[in-house]
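J.: requesting a structural model of the entry that follows:
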Amino acid sequence: MDSVVVKRSSSAPSNGGMNDMRRVMMVVVMVVFVGYLFLWVMTPTNLYRQTWLPKIGADTNSTFFGTQVSRGSAVLPLFGLTSEASVKYHIWLGHIAMTLFTAHGVCFFVYWSVTHQLSEMLKWPKTDVSIVAGEIALSCGLVMWVTTLPKIRKKMFELFFYTHHLYILFIFFFILHIGISYSCMMLPGLYLFFVDRFLRFLQSRRGVRLVSARVLPCETLELNFSKSQGLSYTPTSIVFINVPSISKLQWHPFTISSSSNLESEKLSVIIKGEGSWSKKLYQMVSSPSSLDHLDVSIEGPYGPFSIEFLRHDTLVMVSGGSGITPFISVIRELIFVCETLKLKTPKLLLITSFKNSSDLTMLDLLLPISGTPSEYSNFDLQIDAYVTREKEATRMNQKLVRTVWFKPRASDSPISPILGQNSWIWLGVVVSSSFIMFLLLMGILTRYYIYPIDHNTDNVYSHSSRALLNMLLICLCIAITASAAFYWNKKQGIGETNQVQSMEGATPVASPNSWFYNADRELESLPQESVFQSMKVHYGERPDLKRILFERKESRVGVLVCGPKKMRHEVASICSSGLAKNLHFESISFSW
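T.: Residues are numbered from 1 along each chain as shown. Alright, predicted model coming up:
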């Protein structure tokens with residue numbers, strides 16, 4: 001982060017251009033919605049309503065539906081959204097689309113039953129709408145829809161996760177059902193989704209360099225990866241991690257705890273053993289038997305495009321349990337601004353709640369692995385920690401934080417941007433060039449293969465075959481251009497990979513300037529001996545958030561909260577009560 005950007009964000013934010021773009025996008029959405037209502041009111045025939053409007057509505061929803069599930073979407077920032085924040089809109093659009101699809105199918109089923117034409121359900125005509133393809137698509141959609149119910153999704157997440165991959169069959173048969181002409185209405189959203197999905201597939205195929213892990217007694221890990229210096233990300237960003245030795249198919253999102261400015265060669269994530277996958281990972285890394293290598297793949301990082309923390313006089317961060325992890329990246333970023341750029345930062349108040357005193361060791365991760373408290377004497381941070389299930393301080397079974405070192409393979413590479421440092425330019429090149437290639441190939445195919453058969457009558461050549469050819473060409477063009485861009489940028493980064501490997505070949509603690517230096521130091525296990533002298537630990541009680549927040553008298557107080565749903569709602573109600581106009585609320589949630 002350069003000083004110009006930081007200085008701008010220290011005052012009131014100025015996002016006029018982005019706000020204007022968002023307004024334009026909102027107007028477009030409203031025009032589409034009003035146009036849909038107009039068609040519904042003005043169309044005079046039941047045939048038009050039963051045939052055209054469901055397709056128009058479904059295709060419109062699918063267009064926006066595709067943009068909501070693209071983690072690297074170029075459209076979401078125009079709405080001020082990240083891929084994580086857009087999940088709830090993805091859910092809403094999914095419900096709307098499936099309601100329209102189901103109503104469309106049920107209406108035709110009832111109509112055929114009343115008119116004794118149930119044989120229509122078995123038809124797959126050559127040059128007309130394929131009924132069978134529509135039924136298969138609807139069946140796949142219904143299975144996905146049922147497994148998205150909160151009780152099923154939360155209690156049987158793997159069932160939800162695996163059945164959600166039916167979207168491939170759903171899209172395939174849906175396009176065969178409505179034909180390629182109607183499918184073009186939802187092509188923009190789906191096309192961007194296909195580009196994003198294929199680029200993520202390419203990134204997920206390469207192993208990353210896992211260098212070390214810090215093992216905490218509270219069943220928590222901090223994994224430290226090598227990264228290229230050209231990879232930058234904002235605080236509260238996340239990555240998706242896959243460990244093939246646990247599951248080759250499961251990808252889990254975790255918050256990045258490091259700062260790309262403060263730690264230019266390292267990316268860290270914190271994983272608390274709360275689910276079956278994370279518990280297996282903790283057992284593997286913390287086991288007494290030596291584990292000298294662990295295969296890991298990563299997608300990301302993904303996060304907000306800008307963080308405007310510096311505009312506040314005071315920043316209050318409220319967390320519960322593992323909800324502290326996104327705030328670690330915020331603290332490290334502000335350490336960089338304060339200590340390196342020598343700029344004024346807000347006063348920080350961290351209010352964190354844990355169940356047991358062993359969880360207090362997570363506070364030892366607030367500092368980078370190479371940092372010491374004396375290095376950050378000018379940084380104004382106050383910590384109020386609450387241990388809710390214990391009445392007094394206890395010695396945590398004499399367990400200390402320890403570091404486990406790994407030996408990356410030569411094939412493992414540092415984490416780097418998918419398309420290099422100029423990723424947005426490359427993404428534009430991939431999208432535009434692949435689409436132009438698709439149009440040229442489709443034009444050639446239509447002129448010299450389909451036209452001699454059909455002669456533009458649309459009654460000879462199979463509609464399903466035409467749709468298949470279009471889908472095949474789209475996938476082929478995206479695969480060619482995206483692969484070329486990906487491997488070109490990968491080739492350009494080979495020199496930096498070799499440099500990282502040569503640096504890691506030396507003894508990890510040999511250089512005081514290296515981020516490995518002093519990594520094996522033993523952190524104290526007693527709560528009162530924390531690395532921060534300004535920390536207060538409260539046992540057997542919960543924080544009085546209303547009193548704490550209303551006591552802040554600064555003119556601009558930013559309030560960030562990450563934790564259980566009840567905690568987030570409590571802080572939101574306090575900030576929105578109107579009793580303190582200086583409180584500005586923002587929630588960070590990873591559950592939906």
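J.: dump stretch 537-544 to PDB, restricted to CA.
T.: Taking Å, rounded to 0.1, in the frame of the first residue of the first chain, the C-alpha atoms of stretch 537-544 are listed here in PDB:
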ATOM      1  CA  VAL A 537      -8.500 -10.400  31.200                       C
ATOM      2  CA  HIS A 538     -12.000 -10.800  32.800                       C
ATOM      3  CA  TYR A 539     -13.000 -14.200  34.100                       C
ATOM      4  CA  GLY A 540     -16.500 -15.600  34.500                       C
ATOM      5  CA  GLU A 541     -18.300 -12.800  32.800                       C
ATOM      6  CA  ARG A 542     -19.400 -11.500  29.400                       C
ATOM      7  CA  PRO A 543     -18.600  -8.000  28.000                       C
ATOM      8  CA  ASP A 544     -21.200  -5.300  28.700                       C
END
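J.: buried sites along that stretch?
T.: Burial within stretch 537-544, assessed by neighbour count using 16 or more other Cβ atoms under 10 Å, is assigned to V537, Y539, P543. Where you see a C-beta, it was placed from the backbone N, CA and C, and this is true even at glycine.
J.: hmm, who's touching that stretch?
T.: Stretch 537-544 is contacted by residues 318, 351, 353, 357, 360, 384-388, 390-393, 527-528 when judged by Cβ atoms under 8 Å, 6 or more residues apart in numbering.
J.: kindly report the same for stretch 562-572.
T.: 317-321, 323-327, 353, 545, 549, 559, 561, 585, 587-591.
J.: and the pLDDT for T340?
T.: Each residue has a pLDDT score; the one for T340 is 80.
J.: so what's it up against?
T.: Counting by Cβ under 8 Å, 6+ apart, T340 touches N261, L262.
J.: stretch 245-261: end-to-end distance?
T.: 32 Å (Cα to Cα, to the nearest Å).
J.: got the buried residues for it?
T.: Buried residues in stretch 245-261, defined by neighbour count with 16+ other Cβ under 10 Å: 246, 250-261.
J.: taking the contacts of stretch 562-572, please make a PyMOL selection of just the buried ones.
T.: Here is the PyMOL command that selects the buried residues among these (16+ other Cβ under 10 Å):
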select buried, resi 317+318+319+320+321+323+324+325+326+327+353+545+549+559+561+585+587+588+589+590
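J.: ok, of the buried residues of stretch 537-544, which one's closest to I453?
T.: Of all the buried residues of stretch 537-544, P543 has the smallest distance to I453: 73.4 Å, by Cβ to Cβ.
J.: name the SS class of the closest one, please.
T.: Of the three states, P543 takes coil under DSSP: H, G, I helix; E, B strand; the rest coil.
J.: phi and psi next, for it.
T.: Per-residue torsions, P543: phi -70, psi 140 (degrees, to the nearest 10).
J.: P414 too?
T.: For P414, the backbone dihedrals (degrees, to the nearest 10) come out as phi -60, psi 150.
J.: biggest helix in this structure, by residue count?
T.: Using DSSP state H, we find that the single longest helix of the chain is helix 463-492.
J.: centre of the chain to that one, how far?
T.: Taking Cα atoms, centre = their mean, to the nearest Å, one finds helix 463-492 lying 24 Å from the centre of the chain it belongs to.
J.: list the buried residues in that helix.
T.: Residues 463-464, 466-467, 469-471, 473-474, 477-478, 481-482, 485-486, 489-490 are the ones in helix 463-492 that count as buried (16+ other Cβ under 10 Å).
J.: what of stretch 213-230?
T.: Within stretch 213-230, the residues that qualify as buried are 213-228, 230, counting by 16+ other Cβ under 10 Å.
J.: and the end-to-end length of that stretch?
T.: 23 Å.
J.: tell me the mean pLDDT for it?
T.: Mean predicted lDDT for stretch 213-230 stands at 90.
J.: stretch 446-455 now?
T.: 88.
J.: can you give me the buried ones in that stretch?
T.: Buried-residue list, stretch 446-455, by 16+ other Cβ under 10 Å: T446, I450, D454.
J.: what about it, how long is it end to end?
T.: Distance across stretch 446-455, first residue to last, is 10 Å (Cα to Cα).
J.: in stretch 278-295, what's buried?
T.: Applying 16+ other Cβ under 10 Å to stretch 278-295 flags S278, L281, Y282, M284, V285, S286, L291, L294 as buried.
J.: can you name the helix or strand that the fifth one falls in?
T.: The one in question is V285. With secondary structure defined by DSSP states H and E, V285 is part of helix 276-286.
J.: next one: that helix to chain centre, how far?
T.: 22 Å.
J.: for it, packing partners?
T.: strand 210-216, strand 220-226, strand 266-272 (3 or more Cβ pairs under 8 Å, 6 or more residues apart in numbering; DSSP states H and E).
J.: between strand 210-216 and the next helix-or-strand element following it, find me the angle.
T.: As assigned by DSSP H and E, the chain's next helix or strand after helix 276-286 is strand 297-302. Relative orientation of strand 297-302 versus strand 210-216 (axes from the mean of the first three to the mean of the last three Cα atoms, to 10 degrees): 80 degrees.
J.: what mean pLDDT does strand 297-302 have?
T.: In this model, strand 297-302 has a mean pLDDT of 89.
J.: neighbours of L159, just the number please.
T.: 12 (other Cβ atoms under 10 Å).
J.: is it true that it touches I152?
T.: Yes. L159 lies in contact with I152 (Cβ atoms under 8 Å); the separation is 6.7 Å.
J.: and the pLDDT at G578?
T.: Reported pLDDT for G578: 81.
J.: quick check: which element contains it?
T.: Going by DSSP H and E, G578 is not in any helix or strand.
J.: picking that back up, filter the buried residues of stretch 245-261 down to the ones in helices?
T.: Per DSSP H, helices hold no members of the buried residues of stretch 245-261.
J.: return the member of those residues nearest to S130.
T.: Distances from S130 to the buried residues of stretch 245-261, taken as Cβ to Cβ, are shortest for W251 (33.7 Å).
J.: so the closest residue to the closest one other than its chain neighbours, which of the three states?
T.: Leaving aside its sequence neighbours, W251 sits nearest to F240 (Cβ to Cβ, 6 or more residues apart in numbering; 4.4 Å). Of the three states, F240 takes strand under three-state DSSP.
J.: what bridges to F240?
T.: P253, E299 (DSSP bridges).
J.: quick one: contacts for it?
T.: Per Cβ under 8 Å, 6+ apart, neighbours of F240: R71, W251, H252, P253, F254, I298, E299, G300.
J.: which one of these is nearest to S433?
T.: Closest to S433, out of all of the contacts of F240 and judged by Cβ to Cβ, is R71, at 21.7 Å.
J.: low-confidence ranges, the stretch 301-450 of the chain, go.
T.: Scanning the stretch 301-450 of the chain for pLDDT under 70 picks out 305-306, 369-378, 395-399.
J.: list the buried residues for stretch 105-116?
T.: With burial defined by 16+ other Cβ under 10 Å, the residues of stretch 105-116 counted as buried are G105, F108.
J.: same thing with stretch 416-434?
T.: In stretch 416-434, counting by 16+ other Cβ under 10 Å, buried: 416-421, 423, 426-427, 430-431, 433-434.
J.: could you pull out the strands for the protein?
T.: Per DSSP state E, the chain carries strands over the ranges 210-216, 220-226, 238-242, 252-255, 266-272, 297-302, 314-320, 347-354, 381-387, 402-405, 535-539, 557-562, 583-587.
J.: dump the ones you listed to CSV, plus distance to L187.
T.: Output for the strands of the chain, formatted as CSV (distance: least, Cβ to Cβ, whole Å):
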stretch, distance to L187
strand 210-216, 40
strand 220-226, 37
strand 238-242, 27
strand 252-255, 29
strand 266-272, 35
strand 297-302, 24
strand 314-320, 43
strand 347-354, 47
strand 381-387, 50
strand 402-405, 48
strand 535-539, 55
strand 557-562, 37
strand 583-587, 35
